[in-house]
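Colleague: Only the shape, not the letters, is given here:
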């Protein structure tokens with residue numbers, strides 16, 4: 001029985017080391033978005049987040065993310081930051097650009 005306990009302990013140590021070795025910059029992921037039509041006809045959505053791992057995107061600062069809703073392209077775009085995180089860019093007056101970077105974005109359409 002002691003052998004089983006030692007084996008389980010070794011497996012746990014190996015799994016812990018594997019997890020510790022993961023580099024967050026190489027991970028990709030996103031969360032689903034829920035959109036609800038409001039009584040006034042506007043659309044509001046749940047917070048969302050998307051990130052592209054460095055292994056999947058070279059030179060991420062030059063990349064633009066095109067968005068689709070239910071498979072249909074929409075006139076909304078995001079850019080990628082140094083760590084692969086996607087964020088919105090909003091043009092302002094006087095040709096200034098404001099980058100909107102937050103962990104989770106609430107959108108209103």
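Modeller: In hand now; what should we look at? If you're wondering where the values come from, they're calculated on a predicted model, not measured in any experiment.
Colleague: Could I get the pLDDT score of residue 40?
Modeller: Residue 40 carries a pLDDT value of 96.
Colleague: And it, its phi and psi?
Modeller: The phi and psi torsions at residue 40 (degrees, to the nearest 10) take the values phi -80, psi 0.
Colleague: Near it, how many residues? Count them for me, please.
Modeller: If you count neighbours by other Cβ atoms under 10 Å, residue 40 ends up with 5. Backbone N, C-alpha and C define where each C-beta goes, glycine included.
Colleague: I'd assumed residue 35 was in contact with residue 48.
Modeller: No - look at residue 48 against residue 35 with Cβ atoms under 8 Å: they stay out of range, at 10.1 Å.
Colleague: Remind me which helix or strand residue 6 belongs to.
Modeller: helix 2-20 (DSSP states H and E).
Colleague: next helix or strand past that helix?
Modeller: Downstream of helix 2-20 (by DSSP H and E), the next one is strand 29-30.
Colleague: so what strands line up beside that next one?
Modeller: With DSSP bridges as the test, strand 29-30 is paired with strand 50-51 (antiparallel).
Colleague: Name the surrounding residues that touch whichever helix or strand comes after the strand it pairs with.
Modeller: Going down the chain from strand 50-51, the next helix or strand is strand 64-69, by DSSP H and E. Identification of contacts with strand 64-69 by Cβ atoms under 8 Å, 6 or more residues apart in numbering yields 35, 50, 73, 74, 76, 77, 78, 79, 80, 86.
Colleague: which of those has the most neighbours?
Modeller: Most neighbours among the contacts of strand 64-69, by other Cβ under 10 Å: residue 86, with 22 neighbours.
Colleague: That one contacts residue 29, doesn't it?
Modeller: No - under the criterion of Cβ under 8 Å, residue 86 makes no contact with residue 29, lying 11.1 Å away.
Colleague: where do the contact lists of these two overlap?
Modeller: Taking Cβ under 8 Å, 6+ apart as the contact rule, residue 86 and residue 29 both touch 50, 51.
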